[in-house]
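Asks: Give the three-dimensional model of this entry:
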Amino acid sequence: MNKIFIIIKREYLARVKKRSFIILTLLIPFLLIGFAALMGSIASSKSEKKTIAVVDESQLFAPKLKNNENVDYIMFQGNADSLKHHLDKDKYDALLHIPTFDISQKDINFNLYYNEQVGIVTEKTIDDNLNSILMDARMTKAGINNDQLKFLQSESIHISSIKDGKESSNGISIAIGTGCGFLLYMFMLFYGMSVMRSVMEEKTNRIAEIIVSSVKPFELMMGKIIGVALVGLTQVLFWVLLIFVCSTLGAPILLGNMHLSMDPTAMNQAMQPNNNENIKLVINSFLHGPNWIVIILWFLFYFLGGYFLYAALFASVGSLVNEDPQESSQYTLPITLPIILGFVIMSKAISDPNSPLAIFGSLFPLTSPIVMMARIPFGDVPAWQLITSAALLILGFLFTTWMAGKIYRTGILMYGKKISLKEVGKWVVRR
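Replies: Next comes the predicted model:
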């Protein structure tokens, strides 16, 4: 046991003392936030404004088509056939031809001519503008005014989700479940690969031969797995502490600004002295709605359980590689596929946490860390499923560690020969 502790200490200190570890630990949360902000900015960025020439033979749309942030309309009189052959990008980007038609028709087709693609946003904008004008014309013909239509289309019913006497937010649960599942997906791959690279490096440099002369191969493998696990746990605990501090100190300001920007009435009320009830409600729903203690504790359990299960497999893969690191690709594929499968099932678990597929994914040890963490924030996972999932994950870790130990014991000292999966199977079943 003392030898394993020495290996753990060496693996842990060798990593946490690196400048790259310190920098990444500090920067990754901000990089993720920056990446999310960048994606949101790209998604919300406006497309280039297009100029559309319009020939409206029906005379229904021309007087009512208004320029907007995506499209400028230029009305033309005359023959569309002669005009469409002279599309000049310097003047306009496309030509919309509207022939005469009957507004009572169900399916109506108009043609948009262009030399270069105008983009789906522009096409959708034109489509919405035309449909809106056509709807107004049909309502006028049917004797329905805009006020009546707005009343018919208004959302008069709002459903509040109540659990155990408290109003819950599915949006917050979805965000937390997706975040936890994605983090576990990244952690299991990243730290598992880290163990594999460490084993490969020592084997290809012939350092393993010297080390196993003093310790058993299984002790070496376990020391590496636990050492890297502590490195990952250090990062996770730091990020949890950082999130707690930021949410405690910064959430009131950030959520308050967000809430005020979306609700002008609340902005006017909040400007009055000692009147911040609206902001407090938003903050409380985020900070006190989910059971953060339960979520964090289960996250740590599934982080460690999932990591130990996959790290043992990745360590065995590292022991099979000889001089060519590319050999690892044929062995890592069967290991990474269940992780990817878990990430895919997670999307189903978020939309329907109690579906048969979600339950299976949260019980199967190879996918349970990702899938179960997507369900836990919703707060309705039965106790028997949590206990069964935890027990199966522990048994899965013990089994993979036993199997990886048998592979590692032989593979770590085998050089100069390409090892087949058939040989690996013989090592596992051999006593």
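Asks: for whichever strand or helix holds residue 386, packing partners?
Replies: Using DSSP states H and E, residue 386 sits within helix 383-411. Judged by 3 or more CB pairs under 8 Å, 6 or more residues apart in numbering; DSSP states H and E, helix 383-411 is in contact with helix 217-249, helix 292-320, helix 356-363, helix 368-375, helix 421-429. From N, CA and C alone the C-beta is placed, and that goes for glycine too.
Asks: how about these, which one is nearest residue 100?
Replies: helix 356-363 (52.8 Å; CB to CB).
Asks: low-confidence ranges in the stretch 201-350 of the chain?
Replies: Residues of the stretch 201-350 of the chain that meet the criterion pLDDT under 70 lie in 208-209, 212, 246-290, 322-328.
Asks: just the strands in the stretch 151-300 of the chain please.
Replies: With DSSP state E, counting those that start in this stretch as the definition, the stretch 151-300 of the chain shows strands at residue ranges 161-163, 166-168.
Asks: if we can go back for a sec, angle of the helix holding residue 386 against helix 292-320?
Replies: Put simply, helix 383-411 runs at 20 degrees to helix 292-320, going by axes from the mean of the first three to the mean of the last three CA atoms, to 10 degrees.
Asks: list the buried ones in helix 383-411?
Replies: 385-386, 389-390, 392-393, 396-397, 400-401, 403-411 (16 or more other CB atoms under 10 Å).
Asks: ok, now which ones touch residue 58?
Replies: 98, 99, 100, 101 (CB atoms under 8 Å, 6 or more residues apart in numbering).
Asks: In contact with the residue lying closest to the second one once chain neighbours are set aside: list those residues for me.
Replies: Of all residues beyond its chain neighbours, the one nearest residue 99 is residue 57 (5.2 Å), with distances taken as CB to CB, 6 or more residues apart in numbering. Remark: with contacts taken as CB under 8 Å, 6+ apart, residue 57 is in contact with 80, 97, 98, 99, 100.
Asks: Could you tell me how far the last one is located from residue 56?
Replies: According to CB to CB, to the nearest Å, residue 100 stands 9 Å off from residue 56.
Asks: Neighbour count: those two, which is higher?
Replies: residue 56 (22 against 9; other CB atoms under 10 Å).
Asks: and the angle from the lengthiest helix in the chain to helix 217-249?
Replies: Secondary structure of the chain read by DSSP state H shows that its longest helix is helix 170-204. Taking the same axes, to 10 degrees, helix 170-204 and helix 217-249 form an angle of 150 degrees between their directions.
Asks: Could you check how far helix 170-204 is from the centre of its chain?
Replies: 13 Å (CA atoms, centre = their mean, to the nearest Å).
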